[in-house]
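Asks: Requesting a structural model of the entry that follows:
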Amino acid sequence: MTAGPLALVGGDELRPGNEPIDRVLVDAAAGGPAFVLATAGARRGAAQAVRNAQAWFAGLGAQVDELPATTRTHVRDPANVAAAQRGRLFYLVGGDPGIVPKILDGSPVWDAIVAAWRGGAALAGSSAGAMALGEWTLIRDRMPGDDRRRYADALGLLPGVAVLPHFDTFGHRWVDSALAGAPEGAVLLGPDERTGAVWHGHHWRVLGDGSVTVITSSERRSFRAGDGIEGLPDPDD
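Replies: Okay, here's the model as predicted:
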């Protein structure tokens, strides 16, 4: 069975400009259960993120419900696992880039989401949600506002990759420290806001009105809307 679309969005999600990405997700869900996970907002703002997602996707013709996933208790709850097993669209919103792997990694809910995605469901993450889908997430090296970033294990759906979201606004400032501390062979993926690297039909392409930048120790390349993306590995499906 073919895995569904996977979208890594640069942030400023659930707002105008994201339609090219989110219509792909809605189409893939084909009217099946759709969920927002506010895991990255566990420390603040989770309820508002859910409301924003529900209003936004309603405008695209999709009903989105919350899949509770802001505590380890939530992601072990059999009722939430059963809901995830039925899901056809999952959207991980932005927030705290360190907390998403801590809550989801190794949990029955995350295992159910990955299985559903492998079975054709759509899966997307924006900002911290996108960062969590790589092999590593980049967290503050020292203090709030610090542009220096260090690597921490993420959920590993995209092996060898670390995502630098909001690349057009502030994510580009993380490049130097991310390269300095990069594991061997790491690929840095920098999607602009309201722009996504979308894997669908066994290839990557850019959707949205910005650019996606792919950086390694030896080169840096940018791709615009509609372009295929080179240098980015396939997800671990």
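
Asks: what number of residues lie near Arg86?
Replies: Arg86 has 12 neighbouring residues, counting by other CB atoms under 10 Å. From N, CA and C alone the C-beta is placed, and that goes for glycine too.

Asks: no, scratch that, I was asking about Thr169
Replies: Thr169 has 13 neighbouring residues, counting by other CB under 10 Å.

Asks: pLDDT at it, what is it?
Replies: The per-residue pLDDT reported for Thr169 equals 97.

Asks: Doesn't it belong to a strand?
Replies: No - Thr169 sits outside any strand when classified using DSSP: H, G, I helix; E, B strand; the rest coil, being coil.

Asks: mind listing what's buried in the helix or strand of the chain with the lowest mean pLDDT?
Replies: Lowest on mean pLDDT, DSSP states H and E among the helices and strands of the chain sits strand 149-153, with a mean of 88. In terms of neighbour count (16 or more other CB atoms under 10 Å), strand 149-153 has its buried residues at 149-151.

Asks: Summarise which helices and strands it is packed against.
Replies: On a contact count with 3 or more CB pairs under 8 Å, 6 or more residues apart in numbering; DSSP states H and E, strand 149-153 meets strand 134-140, helix 175-180.

Asks: where does the protein dip in pLDDT?
Replies: Across the chain, the ranges flagged by pLDDT under 70 are 141-147, 237.

Asks: Which parts of it are helices?
Replies: Assigned by DSSP state H, the chain shows helices spanning 19-29, 46-58, 78-86, 99-104, 108-118, 128-133, 175-180.

Asks: contact partners of the third one?
Replies: With contacts defined as CB atoms under 8 Å, 6 or more residues apart in numbering, helix 78-86 is touched by 32-33, 35, 67-69, 74, 90, 108-109, 112-113, 115-116.
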